[in-house]
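Undergrad: pasting the sequence and the predicted model now:
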Amino acid sequence: MRAGPAAGSAASVWRHAAAAVFPADALSPAGLAALYLFLAVLVTAPFWGDSYIVTLGTLILYSSLVGQSWNLMLGFAGLLSIGHALFVGLGAYTAGFLFAKAGIPPIVGFVPAVAVAVLAGSFIGYLGFRYSVGGVYFALLTIAFAEFTRIMVEHAGFLDGTQGLFLPVSQADRKGVDLINLRGHPVMFYFVIMALSFGALLLSRALLRSKLGYYWQAIRDDQDAAQSLGINVLRYKMYAVMISSGMAGIAGVFYAFYSNSLFPDSTFGIERSIEVTLAPIVGGVGTLFGPIFGTFILTPLGEVITWLIGALKSAGVIDPALKLNGLKLLVWGIAVVLIVLFKPRGLWPWFRDRLGLLRKARDDGDTGGRGDG
Amino acid sequence: MSFETLINALVSGLLTGLVYGLSALGLSVIFGVIRIVNFAHGELMVMGMFFALVMFRLFGLDPIMAIPLAAALMFAFGYVLQAVVISRVAHLPEHMQFLLLAAIAIVIVNACLLAFGPDAQGVQVGYALDSFAIGSLIVDLPKLYAAITAVAIAGLLLGFFKYTATGKAIRACADNHMGARVVGLDVGRLYALTFGIGAACLAAAGCVILLLVEVQPYLAPAYTLLAFVIVIIGGLGSLPGALVGGVLIGLSEDLAAAFFDPSMKTAFSYGILIIVLLLRPQGLLGKAAR
């Protein structure tokens, strides 16, 4: 993108904003152009797209936020969580409960929501690390807590149990813009989740390039070596879990107010937790942009499959009366299997290198799907 | 707390627990040797359940009689899965293996959903409602048959690992992967065999458990989790541990259902799991060092 001198000031603002996210020194001209294009499409989407595009975009950005939160734990600190729905769900239920039962708006309610998620994360993390429950066992501990919480919430009368917790919303609410109460038009939600997701990206990048980030990577690559160099492994792992669960808690608050109904099963279920892990792994674990890229592949892929099935049905190739529950997920699952088998580093590093989005001159060795981008 | 309720819950829990133990054995065999956590565990078991259901519908075959064929087919499936797909991710980090198996699980569940629909379906064997009484103790016949079959198969499996040359070779791979290669064992083939054996075990467990519950595709993730809970309590990779863990969870489920609320029974299982993970992460019968 070449901006003329007249458009210079606006372009330079953009360039600075972009450089804050992706350091200009790391991006090739092609990468910079791709970035501008990506941002332009995202920001203008509600103006050229219909309500379907807005919904799809909201879904993608939401998954990318949760994916980034999860990636922070595994990709940066080497902690595999398969119970991430727990933190999202705790955030969602706390903020939802405060709003539905006590009328406390999310602008206030998000503080206790994040606090509860972080507390749960710290608790699991502390127990796990304290008793050195590592690897697969830590992952199973996270599932155990998520499932345990799901059953408890199902039996919690004050959270309306299996009947589901519903947030009050009126038709008038869906037209306006009320950021205090997070009530408004779908486009408002689109921009809110975009801001949150970008905030998460900026935070992840800042963390990764801080001392903390280097500690995390040292722990991830070799915990014993890190410890022997005097890094307080327990403390820094705790930070990773806390930041990750807090981020997931914020995503949960958004989820509660966007969907307006919370059910223990669909909020804390193991399927949710597995979903969380798919996009970052497909995109590339430990990369900044991988989780976002992964959702931009997987979510539309699901939509394309749905559309294809519909098209094949109306063309008479498939009997229209046939019930095809599950066909979409079947194809989707096969796609994930193929990606794991053939692009195990994730799609983003491959895509990035293919299109030359990063500058070549990088001699710090281990860019292998890590570090910038 | 009446004595009758307690004794009935204990016996019922013991019998169900033995069936759980057989299922968990399949997971433990695979982890103990290949060091892969099989996230498609419940899905393989549900495949076995559907197979037994079809056999019953078509030929009126008792699910217990369907075991040999189900086990043979599932052995072949497991063998190919390990040899062709899973072996390719052996060098990848744990989370990639997890994702691969989770994706395979998604594929299996949804294939079952396409083939059989979402409704729960069961078999009505002649003895479905039969039971006998010893004093105030009432034993359901299907549960008793299921437990006896499970114990017999578990015994066969343990015997195979203890006494046959192939079983010993597989244990050698588990104990020392490098050493097994050095003495010339075909580790790749043994791994595929192991996965096949684990899968066959699940097919058998699926056939047996069809006597006790109705099958539907979404049962699969619940069984995966149940088996995880059991093997971690018993010790991942320990075969007797899987049986002990199975019995423990069977007992805790039935006791929780009898004295609290049936819908709380899994909460108790997870409670036990969390305590075991914290106090004895290697499991009750697992080896300490990793």
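TA: Structure's in. What do you need? Computed from a predicted structure; not experimentally measured.
Undergrad: mind listing the helices for chain B?
TA: B:3-34, B:41-59, B:67-80, B:94-116, B:141-163, B:165-175, B:177-182, B:187-209, B:219-234, B:239-259, B:265-279 (DSSP state H).
Undergrad: let me have those helices in JSON lines, extended by mean pLDDT and mean neighbour count.
TA: Yep, even glycine has a C-beta here, placed from its N, CA and C like the rest. Formatted as JSON lines, these follow (pLDDT from 0 to 100; neighbours: other Cβ atoms under 10 Å in any protein chain shown):
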{"stretch": "helix B:3-34", "mean pLDDT": "87", "mean neighbour count": "23"}
{"stretch": "helix B:41-59", "mean pLDDT": "92", "mean neighbour count": "23"}
{"stretch": "helix B:67-80", "mean pLDDT": "93", "mean neighbour count": "19"}
{"stretch": "helix B:94-116", "mean pLDDT": "88", "mean neighbour count": "22"}
{"stretch": "helix B:141-163", "mean pLDDT": "89", "mean neighbour count": "17"}
{"stretch": "helix B:165-175", "mean pLDDT": "86", "mean neighbour count": "17"}
{"stretch": "helix B:177-182", "mean pLDDT": "82", "mean neighbour count": "13"}
{"stretch": "helix B:187-209", "mean pLDDT": "91", "mean neighbour count": "26"}
{"stretch": "helix B:219-234", "mean pLDDT": "87", "mean neighbour count": "26"}
{"stretch": "helix B:239-259", "mean pLDDT": "88", "mean neighbour count": "23"}
{"stretch": "helix B:265-279", "mean pLDDT": "82", "mean neighbour count": "19"}
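Undergrad: can you list the ones you listed in TSV and add distance to residue A:50?
TA: Putting the helices of chain B into TSV (distance: least, Cβ to Cβ, whole Å) gives the following:
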stretch	distance to residue A:50
helix B:3-34	47
helix B:41-59	38
helix B:67-80	45
helix B:94-116	29
helix B:141-163	55
helix B:165-175	57
helix B:177-182	56
helix B:187-209	47
helix B:219-234	35
helix B:239-259	50
helix B:265-279	43
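Undergrad: right, and those helices - which one's nearest residue A:115?
TA: Residue A:115 sits nearest to helix B:265-279 of all the helices of chain B, at 22.1 Å, using Cβ to Cβ.
Undergrad: show me what the closest one packs onto, helices and strands only.
TA: Packing partners of helix B:265-279 (3 or more Cβ pairs under 8 Å, 6 or more residues apart in numbering or on different chains; DSSP states H and E): helix A:135-154, helix B:219-234, helix B:239-259.
Undergrad: ok, which of the ones you listed comes nearest residue A:236?
TA: For residue A:236, the closest of the helices and strands packed on helix B:265-279 is helix A:135-154, at 15.3 Å, according to Cβ to Cβ.
Undergrad: want to throw the helices and strands packed on helix B:265-279 into TSV with distance to residue B:284?
TA: Converted to TSV, the helices and strands packed on helix B:265-279 look like this (distance: least, Cβ to Cβ, whole Å):
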stretch	distance to residue B:284
helix A:135-154	14
helix B:219-234	6
helix B:239-259	6
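Undergrad: now the angle from the helix ranked longest in chain A to helix A:135-154?
TA: Longest helix in chain A, counting residues (DSSP H): helix A:233-259. Using axes from the mean of the first three to the mean of the last three Cα atoms, to 10 degrees, the inter-axis angle of helix A:233-259 relative to helix A:135-154 is 40 degrees.
Undergrad: does chain B sit close to helix A:233-259?
TA: No: judged by Cβ under 8 Å from any Cβ of the partner chain, helix A:233-259 stays clear of chain B, getting no closer than 14.5 Å.
Undergrad: list the buried ones in that helix?
TA: By neighbour count on 16 or more other Cβ atoms under 10 Å in any protein chain shown, the buried set for helix A:233-259 is A:233, A:236-259.
Undergrad: need the next SSE after it, C-terminal direction.
TA: Next in sequence after helix A:233-259, counting helices and strands by DSSP states H and E, comes strand A:261-262.
Undergrad: just checking, what packs against the following helix or strand past that next one?
TA: Remark: after strand A:261-262, the chain's next helix or strand is helix A:264-268, criterion DSSP H and E. Helices and strands touching helix A:264-268, by 3+ Cβ pairs under 8 Å, 6+ apart, are helix A:85-102, helix A:135-154.
Undergrad: what does helix A:264-268 contact?
TA: Residues outside helix A:264-268 that contact it (Cβ atoms under 8 Å, 6 or more residues apart in numbering or on different chains) are A:85-86, A:88-89, A:92-93, A:146-147, A:149-151, A:153-154, A:159, A:161-162, A:255, A:272.
Undergrad: residue A:229: neighbour count?
TA: Residues lying near residue A:229 (other Cβ atoms under 10 Å in any protein chain shown) number 10.
Undergrad: hmm, residue A:218 and it touching each other?
TA: Yes: the criterion here is Cβ atoms under 8 Å, and residue A:229 meets it with residue A:218 at 7.3 Å.
Undergrad: contacting residues around residue 177?
TA: Unless you meant another one, I'm taking chain A. A:184-185, A:188.
Undergrad: right idea, wrong chain: chain B
TA: Per Cβ under 8 Å, 6+ apart, neighbours of residue B:177: residue B:187.
Undergrad: could you measure from it over to residue B:170?
TA: Counting by Cβ to Cβ, to the nearest Å, the separation of residue B:177 from residue B:170 is 12 Å.
Undergrad: equivalent analysis for residue A:51, please.
TA: From residue A:51 to residue B:170 the distance is 58 Å (Cβ to Cβ).
Undergrad: quick one, the helix or strand that contains residue A:338 and helix B:94-116 angle?
TA: Taking DSSP H and E as the criterion, residue A:338 maps to helix A:327-342. Counting by the same axes, to 10 degrees, helix A:327-342 lies at 150 degrees to helix B:94-116.
Undergrad: narrow the contacts of helix A:264-268 to those that are buried.
TA: Buried, going by 16+ other Cβ under 10 Å: A:85-86, A:88-89, A:92-93, A:146-147, A:149-151, A:153-154, A:159, A:255, A:272, out of the contacts of helix A:264-268.
Undergrad: setting aside sequence neighbours, what's the nearest residue to residue 107?
TA: Because you didn't say which chain, this covers chain A. residue A:180 (4.9 Å; Cβ to Cβ, 6 or more residues apart in numbering or on different chains).
Undergrad: ah, I was thinking of chain B
TA: Excluding the flanking residues, the one nearest residue B:107 by Cβ to Cβ, 6+ apart is residue A:333, at 3.8 Å.
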